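Participant: Mind looking at a prediction? Sequence and model below.
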Amino acid sequence: MTQTEWSHLPNAKHIDWVNASLKANPGNWTAAWGATWTAVRDAAWDEARDEAWYVVCDAARTAAWYAAKGIVRGLKRDAIRAMARAAAMDAASDAILALIAYDDCAYMIESEVGELKIIAAFGNQQAILLLPACIAYNETKELTNASIAV
């Protein structure tokens, strides 16, 4: 397995999942971004992103952030159509930001969407940033389960 700038972080496998999922299912990420806006308002999102940036601003995490963000940008060009690019990239970037900033939040990706929406509505910054990833994860899980059942 190739070493990445974030491989030393506790959430490395989840960051890898975000990148792989964005490449494999960009439409899920675009839809997740749109669905998230109904649950979270701009001010809460901005506050969550600003707080995560504050946490990431140490040398080791900053390097991991820029390396992971570079992969998202590359996937954006290769895998996502023009109108959906920004939404999918923002959703994935915010998830990666949260995963790098907060060591104990990865479980939120695998949570039930409704539960995470409630936590986000109460202002939990990790939940706000990871809600699109949770939606994308659950959509992928539903598609996988449907194909297994067929």
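Facilitator: In hand now; what should we look at?
Participant: After the worst-scoring helix or strand of the chain on mean pLDDT, heading C-terminal, what element do we hit next?
Facilitator: Least confident helix or strand, the chain: helix 59-79 with a mean of 65, by mean pLDDT, DSSP states H and E. Downstream of helix 59-79, the first helix or strand assigned by DSSP states H and E is helix 82-101.
Participant: give the contact list for the one residue sitting closest to the centre of the chain.
Facilitator: In the chain, the centroid-proximal residue (Cα atoms, centre = their mean) is Ala95; its distance is 2.4 Å. Ala95 is in contact with Val18, Ile109, Leu129, Leu130, Pro132, Ala133, counting by Cβ atoms under 8 Å, 6 or more residues apart in numbering. C-beta: built from backbone N, CA, C; applies to glycine.
Participant: Make CSV from the residues you listed and add secondary structure, pLDDT and distance to Trp6 to it.
Facilitator: Below are the contacts of Ala95 laid out as CSV (DSSP: H, G, I helix; E, B strand; the rest coil; pLDDT from 0 to 100; distance: Cβ to Cβ, whole Å):
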residue, secondary structure, pLDDT, distance to Trp6
Val18, helix, 93, 11
Ile109, helix, 96, 15
Leu129, helix, 94, 16
Leu130, helix, 96, 16
Pro132, helix, 93, 19
Ala133, helix, 95, 15
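Participant: how close does Ile118 get to Val56?
Facilitator: 26 Å (Cβ to Cβ, to the nearest Å).
Participant: which of these two has more neighbours?
Facilitator: Val56 (20 against 13; other Cβ atoms under 10 Å).
Participant: how close does the more buried one get to Lys23?
Facilitator: Distance from Val56 to Lys23, by Cβ to Cβ: 23 Å.
Participant: got it, and Gln126?
Facilitator: Gln126 is 24 Å from Lys23, by Cβ to Cβ.
Participant: what about those two, which has more around it?
Facilitator: Gln126 (22 against 18).
Participant: right, and that one touches Ile100 too?
Facilitator: No: using Cβ atoms under 8 Å, Gln126 is not in contact with Ile100, being 11.5 Å away.
Participant: any idea how far Ala48 lies from Gln3?
Facilitator: For Ala48, the distance to Gln3 - Cβ to Cβ - is 29 Å.
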